[in-house]
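Participant: Have a look; sequence and predicted model below, questions after that.
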Amino acid sequence: MLTRLNRKFFYRNILISLLSIYLQIAVADTAKPTEQKILFFGADDRVAIENSENWPWHAVGQLETARGHLCTATLIAPNLALTAGHCLLRPPGKIDPAISLRFISHQQQWQYKITQLETLVDINLSKKLRASGNGWTVPPAAAKEDFALVVLHNTERSPLKPLPLWQGSIAELNLALARAKHRITQAGYPADHINSLYSHPACLVTGWAQQGIIAHQCDTLPGDSGSPLLLKDNDNWWLVAIQSSAPAAKDRALADNHALAVTAIRDKLKTLISKNAREYTHSP
């Protein structure tokens, strides 16, 4: 039997799914300065992370590509970082390789800057994305594949501790979200504070926009693509999803932000790591 809270959550899921189909696409990394405040859910509830040298914050880094595009990536292993796939592709359909991954910013200085990187992204994702200026929009058909890995080399002496991926099932994740009252924490390097880690604590998960895609109301901007959505369950931090897209400012009232759930990509991540096909790998 559905409780009142779960029933509300269930019907909201249906509404979100219908709106996602109606809107068709969500903006990945394009927003004019005048539109940025509109993208927030009411007030700007983000806070600066002053102790970014502490875990789990030090596992969240800023990713820069060859074309100067900035996204957020998260260490999931000592030599692997997870981010959004569209961050490492450029229109009309070429790889935009990662050239720098930076961690722990203090007074606009980075404590760790890694430049020996290898980009692992499925170039076929670009066939499902839609070009929008110099960036992309992410249609529903592309949303479940919007992820990529960056391999870090020469990190043997790094003290950075990775964030663990959620290991449970979707049902177990839903239960954990219910225990947390559907509140999670987002952290990234947004366009208006590119040298500082910002977080939206206790932001609301509003349901499932489609299979594998979490709808949420964390305040994000360009630069936050690929950023982690974190769940604290029984005093343990888990990476449960990565930020993928948000609606255009004019459509903010119609839909929430979308993040790709770890439950949808765990097996694909293993394939991406092991696959040695040319279209998956670019070494700068």
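Facilitator: Looks like it arrived, so ask away.

Participant: what about the helices in this structure?
Facilitator: Here the chain has its helices, by DSSP state H, at 4-23, 33-39, 140-143, 170-179, 266-274.

Participant: which stretch in these is the model least sure about?
Facilitator: Summarising mean pLDDT across these, the least confident stretch is helix 4-23, with a mean of 49.

Participant: got the phi/psi numbers for the closest residue to Leu204 other than its chain neighbours?
Facilitator: Nearest non-adjacent residue to Leu204, counting by Cβ to Cβ, 6 or more residues apart in numbering: Gln217, 4.6 Å away. Every residue, glycine included, has its C-beta placed from N, CA and C. Geometry field for Gln217 lists phi and psi as phi -120, psi 40, criterion degrees, to the nearest 10.

Participant: Local confidence estimate at Gln217?
Facilitator: The score at Gln217 is 95. That number is its pLDDT.

Participant: how many other residues sit next to Pro159?
Facilitator: 9 (other Cβ atoms under 10 Å).

Participant: what's the distance between Leu80 and Leu269?
Facilitator: As for Leu80, its distance to Leu269 is 9 Å (criterion: Cβ to Cβ, to the nearest Å).

Participant: what touches both of these two?
Facilitator: Residues within reach of Leu80 and of Leu269 at once, by Cβ atoms under 8 Å, 6 or more residues apart in numbering, are Leu149.

Participant: Give me the sheet partners of the longest strand seen in the chain and which way each runs.
Facilitator: Across the chain, the longest stretch assigned as strand under DSSP state E is strand 198-210. Paired with strand 198-210 in the same sheet, following DSSP bridges, are strand 47-48 (antiparallel), strand 183-188 (antiparallel), strand 213-216 (antiparallel).

Participant: In TSV: those strands, plus mean neighbour count and distance to His106.
Facilitator: Formatted as TSV, the entries for the strands paired with strand 198-210 read as follows, by neighbours: other Cβ atoms under 10 Å; distance: least, Cβ to Cβ, whole Å:
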stretch	mean neighbour count	distance to His106
strand 47-48	11	12
strand 183-188	24	16
strand 213-216	26	29
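
Participant: Let's have these in a markdown table, adding distance to Ser225.
Facilitator: Rendered in a markdown table, the data for those read as follows (distance: least, Cβ to Cβ, whole Å):
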| stretch | distance to Ser225 |
| --- | --- |
| strand 47-48 | 19 |
| strand 183-188 | 8 |
| strand 213-216 | 14 |
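
Participant: contacting residues around Leu82?
Facilitator: With contacts defined as Cβ under 8 Å, 6+ apart, Leu82 is in contact with 73-74, 76, 147-149, 165, 226, 228, 239, 242, 269.

Participant: distance of Ser244 from Glu172?
Facilitator: Counting by Cβ to Cβ, the gap between Ser244 and Glu172 amounts to 22 Å.

Participant: When these two are compared, which one has more neighbours?
Facilitator: Set side by side, Ser244 and Glu172 show unequal neighbour counts under other Cβ under 10 Å, the larger going to Ser244 at 28 against 13.

Participant: now His182: how far from Lys127?
Facilitator: Counting by Cβ to Cβ, the separation of His182 from Lys127 is 34 Å.
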